[in-house]
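Participant: Take a look and give me a structure for this.
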Amino acid sequence: MRAFTYTRARSAAEAVSTFATSHRDQPHYLSGGTTLVDLMKLDVEAPGLLIDLTDVPDLDFVRREQGDLVIGALTRMNDAAHHPLVAASCPVLAESLLAAASQQLRNMARIGGNLLQRTRCGYFRSVEFSCNKRQPGSGCSAMEGVNRHHAVLGTSDHCIALYPGDLAVALTAFDANLSVLGPDGTRTMSIHDLFVPPGDTPHRETTLEPGEFITAVRVPMTPAAQSSSYQKVSDRSSYSFGLASAAVGLHLDAGGTTSEVRIALGGVGTVPWRAREAEQALTGTQLDDAAIRTALEPEFRSARTTPQNHFRVRLAVETVLEAVAAAQQRMG
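Facilitator: Numbering: from 1, shown residues only. Below you'll find the model as predicted:
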């Protein structure tokens, strides 16, 4: 690990000010540190200054505001997952948090940092390999290498790295909004506008501007929120990144016809993947496995698979079926 300077911000304003006046030091914000510190050890990240946010007040909370569920960005993942308000009003969030990482890491990692975690691509994390995400223009070793754990949706000729998170998938399904603070003040953005597919600039992963950080997550509590589920399939049951995952929310009218369907996919895309065509096809129908399979077909027409990862398409469909079944059980 390279040498760096460390400071603890006592307020959000102090954090932003320190970042703005230290741009030559390549500053990075630090919350739980469960991703950043690993990347520093691997020499993938080399900040000259770490600005620790964990002492910033008023960013660790879970509450209801005007019909929305709002979670502070410095809330620990375990605290949010086990909060009764989260479990009761939007179980898909609790399940996505508990599906991530290990108990120890969830006690350290914070909500905001979890959303911004970087890919687990082994070529990105190993400086001896070519990686356009780490070093633009150097090439992508994954394309001709071991790519079983790489994306099939949203890829480009420059990058096939998978977005590894779980919480972001659930937030994508429910159109969450993010509160962001930076040198130019505060702004609100949709979760759909946060992540950037690789295109020809795979090193640019989010739309956050230099010096900005997430302060809160706001989730609209639609009728489907209470009847929601997150399902994930991994190589092993403990602390494993997903081969496929699905966040689903359902609401049926009195006749048993779907009036609201929400589906987002994880483990398959370079970004959390909203299955909007499938949602539209299933809204106003009676759900059954055959209809769900048919509705999901258009989502994978643009899939770019390899002999090593083509199985993820079928696995994603089966995972959606599991999530739908679990959501239906919650409707009673």
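Participant: Give me the pLDDT value at residue 246.
Facilitator: Listed pLDDT for residue 246 reads 99.
Participant: now swap in residue 238 and tell me
Facilitator: For residue 238, the pLDDT comes out at 76.
Participant: just checking, what packs against the top helix by length along the chain?
Facilitator: In the chain, assigned by DSSP state H, the helix with the most residues is helix 311-330. Judged by 3 or more CB pairs under 8 Å, 6 or more residues apart in numbering; DSSP states H and E, the packing partners of helix 311-330 are strand 228-233, strand 244-252, strand 258-266, helix 289-296. For glycine as for every other residue, the C-beta is placed from the backbone atoms N, C-alpha and C.
Participant: Out of those, the one nearest residue 206 is which?
Facilitator: Between residue 206 and the helices and strands packed on helix 311-330, the shortest separation by CB to CB is 16.7 Å, and it involves strand 258-266.
Participant: For the closest residue to residue 195 other than its chain neighbours, give me its contacts.
Facilitator: In this structure, residue 195 finds its nearest non-sequential neighbour in residue 271, 3.9 Å apart by CB to CB, 6 or more residues apart in numbering. Counting by CB atoms under 8 Å, 6 or more residues apart in numbering, residue 271 makes contact with 154, 163, 195-197.
Participant: export those residues to CSV and tack on neighbour count, distance to residue 11 and pLDDT?
Facilitator: As requested, the contacts of residue 271 are arranged in CSV below (neighbours: other CB atoms under 10 Å; distance: CB to CB, whole Å; pLDDT from 0 to 100):
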residue, neighbour count, distance to residue 11, pLDDT
154, 23, 37, 99
163, 23, 31, 98
195, 21, 28, 99
196, 17, 29, 98
197, 19, 35, 98
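Participant: so which of those residues would you say is closest to residue 118?
Facilitator: Of all the contacts of residue 271, residue 118 sits closest to residue 163, with 9.1 Å by CB to CB.
Participant: who's in contact with that closest one?
Facilitator: Neighbours of residue 163 in contact, by CB under 8 Å, 6+ apart: 119, 151, 195, 266, 269-272.
Participant: again, only using 7 Å
Facilitator: Residues counted as contacts of residue 163 (CB atoms under 7 Å, 6 or more residues apart in numbering) are 119, 195, 269-272.
Participant: Also residue 92?
Facilitator: 170, 173, 228-230, 247, 249 are the contacts of residue 92 under CB under 7 Å, 6+ apart.
Participant: buried set for the host helix or strand of it?
Facilitator: With secondary structure defined by DSSP states H and E, residue 92 is part of helix 91-98. Buried residues in helix 91-98, counted by 16 or more other CB atoms under 10 Å: 91-98.
Participant: got it, and stretch 250-265?
Facilitator: Within stretch 250-265, the residues scored as buried using 16+ other CB under 10 Å are 250-252, 258, 260-265.
Participant: Report how far apart the opening and closing residues of that stretch are.
Facilitator: Distance between the two ends of stretch 250-265: 15 Å, counting by CA to CA, to the nearest Å.
Participant: Not counting it itself, show me its contacts.
Facilitator: 169, 172-174, 222-224, 227, 246-249, 272-275, 278-279, 282-287, 316, 320, 324, 327-328, 331.
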